[in-house]
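In: Let's see this in three dimensions:
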Amino acid sequence: MSPIIIVMQKEIKDSLRNRWVMAATLLLALLALSLGFLGSSPTGQEVKADLLTVTVVSLSSLSIFLVPLIAMLLSHDALIGEIERGTMALLLSYPISRTQVLAGKFLGHVVVLLLAVTLGYGLAGLALQLSAGTLSLQGWKPLGLLILASILLGASFLSMGYVISAYVKERGTAAGIAIAVWLFFVVIFDMAVLGILVADTQQNITAGMVEYILLFNPADIYRLLNLTGYENTAMYAGMAGLSNQLSLSKEILFLMQWVWIIVPFILAILIFRRRQL
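Out: Okay, the predicted model is just below:
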């Protein structure tokens, strides 16, 4: 069996033993259910709104905060934690390379994230439709896109977490930097962009430029994918006009989300290879 698969299985078992999967699944499911039931008032026959669609619109904004945070909590001490405990040196004494160790750990955490997001949002979506007395396949399309985009968003923050874990010398430092990175991408980046746009009284920054600026933030790519991916979600999110004017296709947005996964992951490998244990 490949060393990568063995390490991946170990990470999944450790997460199951530590109840990471259960905790993250319950948290995401409760978030989806609460948003679905609390936001159900504008739905129904009066506005012809699908309950899942309205829930996806709400989740698209709030998942930006929660999914990256879960990913950072999983990955920020994945390497430095093993190094401090001395288990990393023991692991590398076996015929396994540092790249294989990192790849196995990363894949294990991706599987944990995949299980949590799929089960959490999937079960919540099923419960919401059953409570409404209908099972509409149409409503599952934006929810499916939300689940896929959430997994990719989480994977991009997992990669950044591994960069941090490979570079720092203490777990406490890793935790602090991880929170700072999370805060920058989910809060500060958009505030900075908004401030620049407000200060740009000469309107030198065009809409096309803003689109490409947003590609420098995986959270904004996630938001654009979910809120403009389908006509019904764009309409309920008040972004129907933006959806029609957006020059970036879903294929480009997905490609850039993959770039945010691959580039930090390669950087983490390069740093970890050169690190003295």
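
In: Return the set of buried residues in the helix or strand that contains Ile83.
Out: Using DSSP states H and E, Ile83 sits in helix 80-85. Judged by neighbour count using 16 or more other CB atoms under 10 Å, the buried positions of helix 80-85 are Ile80, Glu82, Ile83. Yep, even glycine has a C-beta here, placed from its N, CA and C like the rest.

In: Include distance to Trp140 and pLDDT when you put the residues you listed into JSON lines, please.
Out: Converted to JSON lines, those look like this (distance: CB to CB, whole Å; pLDDT from 0 to 100):
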{"residue": "Ile80", "distance to Trp140": "40", "pLDDT": "94"}
{"residue": "Glu82", "distance to Trp140": "39", "pLDDT": "92"}
{"residue": "Ile83", "distance to Trp140": "43", "pLDDT": "92"}
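
In: What is the nearest of those residues to Gln203?
Out: Ile80 (46.2 Å; CB to CB).

In: residues touching that closest one, list them.
Out: Ser165, Ala166, Val168, Lys169, Glu170, Arg171, Ala174 (CB atoms under 8 Å, 6 or more residues apart in numbering).

In: Would you mind listing the outside residues contacting stretch 250-260?
Out: Stretch 250-260 is contacted from outside by Ala149, Leu152, Leu153, Ser156, Ser159, Leu215, Pro218, Ile221, Tyr222, Leu224, Leu225, Gly229, using CB under 8 Å, 6+ apart.

In: Try it again at 6 Å.
Out: With contact meaning CB atoms under 6 Å, 6 or more residues apart in numbering, stretch 250-260 is reached by Leu152, Ser156, Leu215, Pro218, Ile221, Leu224, Leu225.

In: now do stretch 173-180
Out: Here stretch 173-180 has contacts from Met72, His76, Asp77, Ile80, Gly161, Ile164, Ser165, Val168, using CB under 6 Å, 6+ apart.

In: how far away is the fifth one from Leu224?
Out: Per CB to CB, to the nearest Å, Gly161 is found 23 Å from Leu224.

In: again, but for the first one
Out: Counting by CB to CB, the gap from Met72 to Leu224 is 22 Å.

In: again, but for the last one
Out: Plainly put, Val168 is 32 Å away from Leu224 if you go by CB to CB.

In: Name the residues of the one helix or strand Lys13 maps to that are buried.
Out: Lys13 is part of helix 3-17, with elements assigned from DSSP H and E. The neighbour-count check on helix 3-17 (16+ other CB under 10 Å) flags Pro3, Ile4, Val7, Met8, Glu11, Ile12, Ser15 as buried.

In: OK, contacts around the third one?
Out: Taking CB under 6 Å, 6+ apart as the criterion, Val7 is in contact with Val101, Gly104, Lys105.

In: Which of the residues you listed are buried, as a PyMOL select command?
Out: Restricted to buried positions by 16+ other CB under 10 Å, the PyMOL selection for the contacts of Val7 reads:
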select buried, resi 101+104+105
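
In: mind putting the contacts of Val7 in TSV, pLDDT included?
Out: TSV is the format used below for the contacts of Val7 (pLDDT from 0 to 100):
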residue	pLDDT
Val101	95
Gly104	96
Lys105	96
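
In: Thanks a lot, see you next time.
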